[in-house]
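Novice: quick one, structure for this:
(chains A, B, C and D)
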2 protein chains.
Amino acid sequence: MREPVTLLKALPRYDVFLEETKDFPHLDASACYTFLQLLKTGDELLALDNQILSTFGTRHGRFNLLMMLKHCTVGTTTPADLAEKAGVTRATITGLLDGLERDGFVERCPDPVNRRSVQVKLTATGQEFLEKVRPGYCRWFTSVVETLNQDEQQQLLVLLEKIQIRLGEISNQYRRTANQIPAQL
Amino acid sequence: MREPVTLLKALPRYDVFLEETKDFPHLDASACYTFLQLLKTGDELLALDNQILSTFGTRHGRFNLLMMLKHCTVGTTTPADLAEKAGVTRATITGLLDGLERDGFVERCPDPVNRRSVQVKLTATGQEFLEKVRPGYCRWFTSVVETLNQDEQQQLLVLLEKIQIRLGEISNQYRRTANQIPAQL
DNA sequence: TGACATTGATTAGGTTCCTAATAATTAGGT
DNA sequence: ACCTAATTATTAGGAACCTAATCAATGTCA
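Specialist: Residues are numbered from 1 along each chain as shown, chains lettered A, B, ... in the order given. I've put the predicted structure just below:
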């Protein structure tokens, strides 16, 4: 038997926010706690993912870019397109490409039609690198999820979907108010 | 009615990993998908949190540090202690403190007993800043969670707890193998 | 007491992200 | 054809993280 949710022990970085509920009686402390656990889990997952990748001599950003170059067949592989797919700015892609090109994992080829544009290509070295890292990476992320059974995974997906929808709403509403302080402050 | 989990549409940054399952038949594609959704949700939550905080002229790291200074009564407020609580390195705390001190939100006081040590204190300006930002921040994070009802929140907490336990195990096992390539590669 | 390790904070340098500004090229409208 | 708009990639500079190296102060112990 798993003990009920008493993981309250130590999330010092996050639980300071719980104090806030004292000054806002209409705020639900348990709702705050849920938010913090979500933030914490995401944070730790991302951190550990990065740590695992460091063992292989790469990091989240670079690895992701290589994977995208290998698998994403939809669209072109210009920096602009990669930025769009990866959800980061073009400037970020430029920086990542600089590093990857220096290491010989990708190359930038001029586009003969549009002289502003650049086509990014995975080199043989880059391919080999991916081959080498892939099994270990797959095992890492499998080992995280296999702690949940099929039903639990399904439950989690449904809940995450709801949260993502809400995040999308908030993000849009925030984008609409541009750089003003949001109305709810 | 919510549509069943068909949010498969666009997570291009993440779904490239699904391709990997083709080369590893023993890998469960649905498990991969769950992992990716978790990674994605965490990523987006963190990103949006940072964006909201930017509206208030601060960021995750600095805001967290201020909140810790205000609420964490356990232990001292030396940079080392703050680093421990926040789960970042001391060097990171040094950098954050530099910024916060420059803005007049904190001050570094020499410890009369241990001359190596420094006590960090929230200034009146820092307090006022927190007072100003707090309501808006509370509303933001409430609005995320209130998309789930009580039962769903409880479900989510249980699932997140399981994942956190697994992450802890992996992290420990990884720490034990130090800087070697993990056995499972 | 003196050598040595430990501890606290910082510095130096690197990475991955950001925004804003810049430079080159292309496209559109008159 | 020409001026302006938009688009592509990059640069510059900043933030929040990291590791490794440094420096000062403190503990330890033979």
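Novice: going forward, measure contacts and count neighbours with C-alpha atoms only.
Specialist: Will do.
Novice: what residues are up against the residue most central in space within chain A?
Specialist: The structure's chain A has its C-alpha centroid closest to residue A:46; by Cα atoms, centre = their mean the separation is 6.9 Å. Contact partners of residue A:46, counting by Cα atoms under 8 Å, 6 or more residues apart in numbering or on different chains, are B:39, B:42-43.
Novice: helix, strand, or coil at it?
Specialist: Following DSSP: H, G, I helix; E, B strand; the rest coil, the label given to residue A:46 is helix.
Novice: also residue A:120?
Specialist: Under three-state DSSP, residue A:120 falls in the strand class.
Novice: so what's it bridging to?
Specialist: Legend: beta-bridge partners of residue A:120 under DSSP bridges are residue A:108.
Novice: isn't it right up against residue A:111?
Specialist: No: using Cα atoms under 8 Å, residue A:120 is not in contact with residue A:111; the gap is 9.7 Å.
Novice: these two: which has the busier surroundings?
Specialist: residue A:120 (20 against 13; other Cα atoms under 10 Å in any protein chain shown).
Novice: quick one on the thing from earlier: of the contacts of residue A:46, which is the nearest to DNA strand C?
Specialist: Of all these, residue B:43 has the smallest distance to DNA strand C: 9.3 Å, by Cα to the nearest atom of the strand.
Novice: can I assume that closest one is in contact with residue A:42?
Specialist: Yes: look at residue B:43 against residue A:42 with Cα under 8 Å: they come within range, at 6.7 Å.
Novice: and those two? Which one has more around it.
Specialist: Taking neighbours as other Cα under 10 Å, residue B:43 and residue A:42 compare with residue A:42 leading, 23 against 17.
Novice: need the contact list for that one.
Specialist: Residue A:42 touches B:38-39, B:41-43, B:46, counting by Cα under 8 Å, 6+ apart.
Novice: and chain A, which residues reach DNA strand C?
Specialist: For chain A, the residues in contact with DNA strand C (Cα under 7 Å from any atom of the strand) are A:58-62, A:87-92, A:95-96, A:99, A:113-116.
Novice: kindly write the ChimeraX command that selects the buried subset of those residues.
Specialist: Selection command for ChimeraX covering only the buried members of those, criterion 16 or more other Cα atoms under 10 Å in any protein chain shown:
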select /A:58,62,90,96
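Novice: pull the helix or strand with minimum mean pLDDT from chain A.
Specialist: helix A:12-15 (a mean of 59; mean pLDDT, DSSP states H and E).
Novice: for the residue nearest to residue A:162 when sequence neighbours are not counted, give its distance to residue B:40.
Specialist: Excluding the flanking residues, the one nearest residue A:162 by Cα to Cα, 6 or more residues apart in numbering or on different chains is residue B:147, at 7.0 Å. Distance of residue B:147 to residue B:40, computed by Cα to Cα, to the nearest Å: 18 Å.
Novice: more crowded one of these two?
Specialist: Counted by other Cα under 10 Å, residue B:147 and residue B:40 do not tie: residue B:40 has more neighbours, with 19 against 16.
Novice: run the angle between whichever strand or helix holds that one and helix A:29-55 for me.
Specialist: Residue B:40 belongs to helix B:29-55 when assigned by DSSP states H and E. Counting by axes from the mean of the first three to the mean of the last three Cα atoms, to 10 degrees, helix B:29-55 lies at 110 degrees to helix A:29-55.
Novice: which elements pack onto the following helix or strand past helix B:29-55?
Specialist: As assigned by DSSP H and E, the chain's next helix or strand after helix B:29-55 is helix B:60-71. Judged by 3 or more Cα pairs under 8 Å, 6 or more residues apart in numbering or on different chains; DSSP states H and E, helix B:60-71 is in contact with helix A:12-15, helix B:29-55, helix B:79-86, helix B:90-102, strand B:118-122, helix B:124-145.
Novice: outside of the last one, which residues touch it?
Specialist: By that I understand helix B:124-145. So helix B:124-145 is contacted by A:20, A:27, A:31-32, A:34-35, A:163, A:166-167, A:184-185, B:52-53, B:56, B:66-67, B:70, B:104-106, B:153 (Cα under 8 Å, 6+ apart).
Novice: give the buried residues for that helix.
Specialist: B:126-127, B:129-130, B:133-134, B:136-138, B:140-145.
Novice: any idea how far residue A:123 is from residue A:130?
Specialist: 11 Å.
Novice: show me what contacts residue A:82?
Specialist: Residue A:82 touches A:65, A:68, A:93, counting by Cα under 8 Å, 6+ apart.
Novice: all good on my end, thank you.
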